[in-house]
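In: heads up, no residue letters with this:
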DNA sequence: TGCCTATTTAGGCATTTAGCTAAATAGAAT
DNA sequence: ATTCTATTTAGCTAAATGCCTAAATAGGCA
């Protein structure tokens, strides 16, 4: 489970437009990285890509994108795995699933408490 | 629906420990505000409270808490309604519900895409 | 070995953020 | 009218953030 500090780290990571767009890119891009072009059979994932491939989509320097990716990794939103001199980046869907469940739980508890207090579920 | 800028604003708001704790306080506190103590019958909500009541729980100055609340309001995480010279703060559960649904949708789409690509759902 | 590719680190700079105190505003109560 | 309570605004400071370029690191290839 995600503890509070972990959640805050995730929110901080996604609360910046550039990182949010990188997040979107990694999770919905679905492009293949250069290694796949050479030999599609060694594709690790439909999403795996590398730092410079992601950086191509942005008007920021490579070090800037690299730093943002590091933050997304530290928030466990993505994974980065070194293979040779490239780093393969993949979405970490488990973190997103857990976060979604946290929100679902909060909403459910909120409804339950409101029901307990008011005796019925009100619409607003 | 929450657009991208709105989502980023929400994440930014929750990506600060103090604001996250205020958020937690407003959504799970369940305390009644001073107006309720005087006359429980005019209670607007089980959660409604006011700025100074919230500030009591933190070791920060009132203006600091006020500024954080403003940010949470601008992110539509809470609502603030002026009544007399007090401001009543309530959780805006609808925003949280929508955000939760965004995450759920992302996870579902991710699973579907992975299934389409790999022909089956892998555990990872 | 020496070069090429991929990425990170270091250091610098401008902007934003998060906190403070003091003062201003707005409404309620005496 | 004056005072009290609740809140925000203004103005300040220190620290963090987000960007850059240049240099360093690490691995692959000729």
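Out: Happy to help now that I have it. Bear in mind the structure is a predicted one, so any value in this text is a computation, not a measurement.
In: tell me which element residue A:6 falls in.
Out: Per DSSP states H and E: residue A:6 is located in helix A:4-14.
In: gap between whatever helix or strand comes next after that helix and the chain center?
Out: Reading on from helix A:4-14 to the C-terminus, the next helix or strand found by DSSP H and E is helix A:17-28. Here helix A:17-28 is found 7 Å from its chain centre; the criterion is C-alpha atoms, centre = their mean, to the nearest Å.
In: touching DNA strand D at all, helix A:17-28?
Out: Yes. Helix A:17-28 comes into contact with DNA strand D (C-beta under 7 Å from any atom of the strand), by way of A:18, A:19. C-beta coordinates here come from the backbone N, C-alpha and C atoms, glycine included.
In: repeat that for stretch A:78-89.
Out: Yes. Applying C-beta under 7 Å from any atom of the strand, one finds stretch A:78-89 in contact with DNA strand D at A:84, A:85.
In: close to DNA strand C, is that stretch?
Out: Yes. Using C-beta under 7 Å from any atom of the strand, stretch A:78-89 reaches DNA strand C at A:80, A:85, A:86, A:87.
In: return the distance of the residue nearest in space to the middle of chain A relative to residue B:65.
Out: When C-alpha atoms, centre = their mean is applied to chain A, the residue found nearest the centroid is residue A:77 (3.5 Å). Using C-beta to C-beta, to the nearest Å, we find residue A:77 at a distance of 29 Å from residue B:65.
In: check residue A:111 too.
Out: Taking C-beta to C-beta, one finds residue A:111 at 28 Å from residue B:65.
In: who has more neighbours out of the two?
Out: Higher neighbour count among residue A:111 and residue B:65: residue B:65, with 20 against 14, using other C-beta atoms under 10 Å in any protein chain shown.
In: can you name the next helix or strand after the helix or strand hosting the more buried one?
Out: Assigned by DSSP H and E, residue B:65 belongs to helix B:62-74. Moving toward the C-terminus from helix B:62-74, the first helix or strand encountered (DSSP H and E) is strand B:78-83.
In: might you report the residue contacts of residue A:66?
Out: Residues near residue A:66 by C-beta atoms under 8 Å, 6 or more residues apart in numbering or on different chains: A:51, A:55.
In: which positions in chain A make contact with chain B?
Out: A:4, A:7-17, A:20, A:27-28, A:30, A:46, A:91, A:93-94, A:96-97, A:99-100, A:103-104, A:106-107, A:109-111, A:113-114, A:117-118 (C-beta under 8 Å from any C-beta of the partner chain).
In: now these: which count as buried?
Out: Taking 16 or more other C-beta atoms under 10 Å in any protein chain shown as the criterion, what is buried in the residues of chain A next to chain B is A:7-16, A:20, A:27, A:46, A:91, A:93, A:96-97, A:99-100, A:103-104, A:106-107, A:110, A:114.
In: go ahead and confirm residue A:69 touches residue A:53.
Out: No. Counting by C-beta atoms under 8 Å, residue A:69 sits too far from residue A:53 to count as a contact (11.3 Å).
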